[in-house]
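Student: my questions are about this predicted structure, shown below with the sequence.
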Amino acid sequence: MSKPTNHSPILMYMNSRRKFLLQGSLATTAILATKPFKTFAKLNSSFSFTDNNSISLLHTYGLGVTATVSPAAFEKAMSVIAELKKQKAGILLFDTGNSFTDARMNALLQPLGYDALIPGDRDLASGQFLLPAIASNYLVNDSNLKNIQPYKIIYKNDIRIGIISACSNTGSGAVSFKDPAKEITALATHLKEAEHCGLVICLSNLDHQNKKPVDDLALALQSKNVDVILGSQSAQSSGKLPAIVINKMKQEVIVNNAGYGDILLGRVQISFDGDNKKNKIAFSNIPMGSGYGKAVQSFM
């Protein structure tokens, strides 16, 4: 399957079933599809997200590196997360790898109240992550990694949410790698049909877009019953825009990424209607700051 390359910025998408509103700046919001959209309309910028009908998804990546190369950026992330969680009730916090890299980072990040994480190569090497980790396409070989599980179900604002993950092949002997597209589709379908989850979120460290067989955009295209993919960036994908991907089942998949050279903290807000169906989305990612990307690239 060829990978999509169309990054046309828009603010609102309307199809024959319902309206799906997007809010964000032209610099940070994009739409991605396997074929051109037939209907567009102007954004009604008056809509808002209230605590009782929406959730906010915050996600980080590589804070272990951030804390080393830019303590100021790391402190900024910690401060923003704490403040957002203090202000709003409907917030979920995730990490997509390489933040819980040692005992010190665990001690710093645990108080923020992460809801789930996926282990990166540095996390697996250290074995220090204490939170339950989601690794849907790993077969765990190391008995010391007892806190790795294939999925997790949580509740937020009356929404039953399934959390799964697509992990990269790290080459670690602690785990065996399985095809992420196959495993994610099977688990997402189980969560939607058997566990009755209203939202399925896939955490990913496959990279937003690269030259490998499966990245976040390719995974979204191949997926079924996945609502959101929260991923990470590498040097190859740095600067890529958030996207809405139409998968093979004609379902909308929200794709956002954070980490490396551009985004310090990813933030996606999703609003729901009376039937708990998605009807609005806003991207409000928080940038790293000047010079951070080059520092991280040299460190990696």
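Tutor: Done, it's in.
Student: spatially nearest residue to residue 162, not counting backbone neighbours?
Tutor: Counting by CB to CB, 6 or more residues apart in numbering, residue 162 lies nearest to residue 191, which is 3.4 Å off, once chain neighbours are set aside. Backbone N, C-alpha and C define where each C-beta goes, glycine included.
Student: and the helix or strand where the one you found lies, how far out from the chain middle?
Tutor: Using DSSP states H and E, residue 191 maps to helix 180-193. Taking CA atoms, centre = their mean, to the nearest Å, one finds helix 180-193 lying 16 Å from the centre of the chain it belongs to.
Student: what helices or strands is that helix leaning on?
Tutor: On a contact count with 3 or more CB pairs under 8 Å, 6 or more residues apart in numbering; DSSP states H and E, helix 180-193 meets strand 159-166, strand 199-204, helix 216-222.
Student: buried sites along that helix?
Tutor: By 16 or more other CB atoms under 10 Å, the buried positions in helix 180-193 come out as 180-181, 183-188, 190-192.
Student: got phi/psi on residue 139?
Tutor: Per-residue torsions, residue 139: phi -100, psi 120 (degrees, to the nearest 10).
Student: contacting residues for the residue nearest to it when sequence neighbours are not counted?
Tutor: Of all residues not flanking residue 139 in the chain, residue 176 sits nearest, at 4.1 Å (CB to CB, 6+ apart). If you count contacts by CB atoms under 8 Å, 6 or more residues apart in numbering, residue 176 has them with 138-139, 141.
Student: out of those residues, which comes closest to residue 53?
Tutor: Using CB to CB, residue 138 comes nearest to residue 53 of those, at 35.1 Å.
Student: bridging residues for that closest one?
Tutor: residue 177 (DSSP bridges).
Student: my guess is it contacts residue 177. True?
Tutor: Yes - Residue 138 is within contact range of residue 177, at 6.7 Å (criterion: CB atoms under 8 Å).
Student: of the two, which one has the most company?
Tutor: A direct count of neighbours by other CB atoms under 10 Å for residue 138 and residue 177 places residue 138 higher, at 26 against 15.
Student: relative to residue 156, how far out is the more buried one?
Tutor: Per CB to CB, to the nearest Å, residue 138 is found 25 Å from residue 156.
Student: on that earlier part again, which one of the buried residues of helix 180-193 is nearest to residue 96?
Tutor: residue 180 (13.2 Å).
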